[in-house]
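**Student:** Mind looking at a prediction? Sequence and model below.
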Amino acid sequence: MFNKVLLTLDLNAQASWEKALPQAVEIVRTSGGELHVMSVVPDLGTPLVESFFPEDFEEKAISAANSALDAIVRKEVPDDVTVHQHLAFGTIHKKVLQSVEEIGCDLIVMASHKPDRVREFLVGSNADRIVRRSPVSVLVVRA
(Lines give C-alpha, C1' and ligand atoms only; values in the text may rest on other atoms or scores of the structure.)
Protein backbone atom coordinates (compact mmCIF):
# COMPACT_ATOMS: atom_id res chain seq x y z
CA MET A 1 0.00 0.00 0.00
CA PHE A 2 2.79 2.46 0.90
CA ASN A 3 6.00 2.05 -1.08
CA LYS A 4 7.94 4.93 0.43
CA VAL A 5 7.23 6.26 3.91
CA LEU A 6 8.89 9.47 5.07
CA LEU A 7 9.41 9.66 8.83
CA THR A 8 10.35 13.11 10.09
CA LEU A 9 12.30 13.31 13.33
CA ASP A 10 12.96 16.15 15.72
CA LEU A 11 16.42 15.24 17.00
CA ASN A 12 15.84 17.35 20.11
CA ALA A 13 12.65 15.51 21.10
CA GLN A 14 13.16 11.86 21.99
CA ALA A 15 9.39 11.35 21.92
CA SER A 16 9.46 12.00 18.16
CA TRP A 17 11.30 8.76 17.49
CA GLU A 18 9.97 6.80 20.45
CA LYS A 19 6.37 7.33 19.32
CA ALA A 20 6.44 7.84 15.54
CA LEU A 21 9.26 5.50 14.50
CA PRO A 22 7.53 2.26 15.64
CA GLN A 23 4.41 3.31 13.72
CA ALA A 24 6.43 3.98 10.57
CA VAL A 25 8.29 0.67 10.89
CA GLU A 26 5.02 -1.24 11.26
CA ILE A 27 3.58 0.44 8.15
CA VAL A 28 6.72 -0.30 6.12
CA ARG A 29 6.83 -3.93 7.26
CA THR A 30 3.16 -4.44 6.44
CA SER A 31 3.41 -2.87 3.00
CA GLY A 32 6.88 -4.12 2.10
CA GLY A 33 8.03 -0.58 1.40
CA GLU A 34 11.04 1.59 2.22
CA LEU A 35 11.50 3.84 5.21
CA HIS A 36 12.99 7.29 4.63
CA VAL A 37 14.05 8.96 7.87
CA MET A 38 14.52 12.71 7.71
CA SER A 39 15.50 15.49 10.03
CA VAL A 40 15.82 19.19 9.28
CA VAL A 41 18.27 21.53 10.94
CA PRO A 42 16.32 24.79 11.05
CA ASP A 43 17.96 27.86 9.59
CA LEU A 44 18.42 30.88 11.80
CA GLY A 45 15.86 32.93 9.93
CA THR A 46 17.43 36.31 9.31
CA PRO A 47 20.88 37.76 8.72
CA LEU A 48 20.55 39.74 11.95
CA VAL A 49 20.10 36.57 14.00
CA GLU A 50 22.83 34.78 12.03
CA SER A 51 25.29 37.53 12.95
CA PHE A 52 25.17 36.44 16.62
CA PHE A 53 26.42 32.94 15.80
CA PRO A 54 29.93 31.82 14.80
CA GLU A 55 30.64 31.63 11.05
CA ASP A 56 30.91 27.84 11.10
CA PHE A 57 27.70 27.35 13.13
CA GLU A 58 25.69 25.92 10.22
CA GLU A 59 28.42 23.42 9.32
CA LYS A 60 28.79 22.26 12.94
CA ALA A 61 25.02 22.03 13.45
CA ILE A 62 24.63 19.89 10.33
CA SER A 63 27.51 17.63 11.34
CA ALA A 64 26.08 17.13 14.85
CA ALA A 65 22.60 16.47 13.46
CA ASN A 66 23.97 13.96 10.97
CA SER A 67 25.73 12.06 13.77
CA ALA A 68 22.61 12.09 15.93
CA LEU A 69 20.39 10.91 13.07
CA ASP A 70 22.87 8.15 12.24
CA ALA A 71 22.88 6.93 15.85
CA ILE A 72 19.08 6.88 16.09
CA VAL A 73 18.68 4.97 12.82
CA ARG A 74 21.34 2.41 13.78
CA LYS A 75 19.83 1.88 17.24
CA GLU A 76 16.10 2.11 16.55
CA VAL A 77 15.41 0.83 13.02
CA PRO A 78 15.28 -2.99 12.80
CA ASP A 79 17.70 -4.70 10.40
CA ASP A 80 14.90 -6.15 8.27
CA VAL A 81 13.67 -2.67 7.26
CA THR A 82 15.12 -0.91 4.20
CA VAL A 83 16.00 2.56 5.43
CA HIS A 84 17.41 5.72 3.83
CA GLN A 85 18.54 8.77 5.78
CA HIS A 86 18.00 12.39 4.75
CA LEU A 87 19.23 15.55 6.42
CA ALA A 88 18.35 19.06 5.32
CA PHE A 89 19.01 22.62 6.42
CA GLY A 90 16.35 25.28 6.12
CA THR A 91 12.69 25.88 6.88
CA ILE A 92 11.35 22.63 8.32
CA HIS A 93 7.99 22.32 6.60
CA LYS A 94 9.38 23.48 3.24
CA LYS A 95 12.23 20.96 3.32
CA VAL A 96 9.92 18.10 4.32
CA LEU A 97 7.46 18.88 1.52
CA GLN A 98 10.31 19.25 -0.97
CA SER A 99 11.63 15.82 0.06
CA VAL A 100 8.21 14.24 -0.44
CA GLU A 101 8.34 15.29 -4.08
CA GLU A 102 12.01 14.34 -4.59
CA ILE A 103 11.72 10.91 -2.96
CA GLY A 104 8.24 10.14 -4.27
CA CYS A 105 6.79 9.29 -0.87
CA ASP A 106 3.29 7.90 -0.40
CA LEU A 107 2.98 8.79 3.29
CA ILE A 108 4.52 11.10 5.88
CA VAL A 109 4.72 9.93 9.49
CA MET A 110 5.56 12.50 12.12
CA ALA A 111 5.19 13.17 15.81
CA SER A 112 3.55 16.29 17.11
CA HIS A 113 3.89 17.69 20.58
CA LYS A 114 0.90 18.58 22.72
CA PRO A 115 -0.47 21.87 21.37
CA ASP A 116 0.70 25.04 23.05
CA ARG A 117 -1.82 27.71 22.10
CA VAL A 118 0.49 30.69 22.59
CA ARG A 119 3.33 29.18 20.55
CA GLU A 120 0.97 28.09 17.79
CA PHE A 121 -0.60 31.54 17.62
CA LEU A 122 2.78 33.24 17.37
CA VAL A 123 4.72 30.89 15.09
CA GLY A 124 2.42 28.03 14.12
CA SER A 125 3.23 24.35 14.10
CA ASN A 126 5.38 22.53 11.55
CA ALA A 127 3.06 19.52 11.76
CA ASP A 128 0.10 21.76 10.96
CA ARG A 129 1.88 23.34 8.00
CA ILE A 130 2.86 19.94 6.62
CA VAL A 131 -0.62 18.47 7.05
CA ARG A 132 -2.26 21.43 5.31
CA ARG A 133 0.17 21.50 2.37
CA SER A 134 1.11 17.85 1.86
CA PRO A 135 0.25 16.23 -1.47
CA VAL A 136 0.22 12.81 0.29
CA SER A 137 -1.42 11.42 3.42
CA VAL A 138 0.11 12.34 6.78
CA LEU A 139 -0.01 10.26 9.95
CA VAL A 140 0.49 12.50 12.97
CA VAL A 141 1.42 10.58 16.12
CA ARG A 142 0.84 12.49 19.33
CA ALA A 143 4.09 12.59 21.28
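**Tutor:** Nice, thanks for sending it over. Numbering: from 1, shown residues only.
**Student:** how about the nearest residue to residue 138, chain neighbours excluded?
**Tutor:** residue 108 (4.5 Å; C-beta to C-beta, 6 or more residues apart in numbering). From N, CA and C alone the C-beta is placed, and that goes for glycine too.
**Student:** Check for me that that neighbour belongs to a strand.
**Tutor:** Yes - assessed with DSSP: H, G, I helix; E, B strand; the rest coil, residue 108 lies in a strand.
**Student:** Report how many residues lie close to it.
**Tutor:** Counted with other C-beta atoms under 10 Å, residues neighbouring residue 108 total 26.
**Student:** Does residue 84 touch residue 37 like I think?
**Tutor:** Yes - contact criterion C-beta atoms under 8 Å: residue 84 and residue 37 qualify, at 7.3 Å.
**Student:** Now residue 63, what are its backbone angles?
**Tutor:** phi -60, psi -40 (degrees, to the nearest 10).
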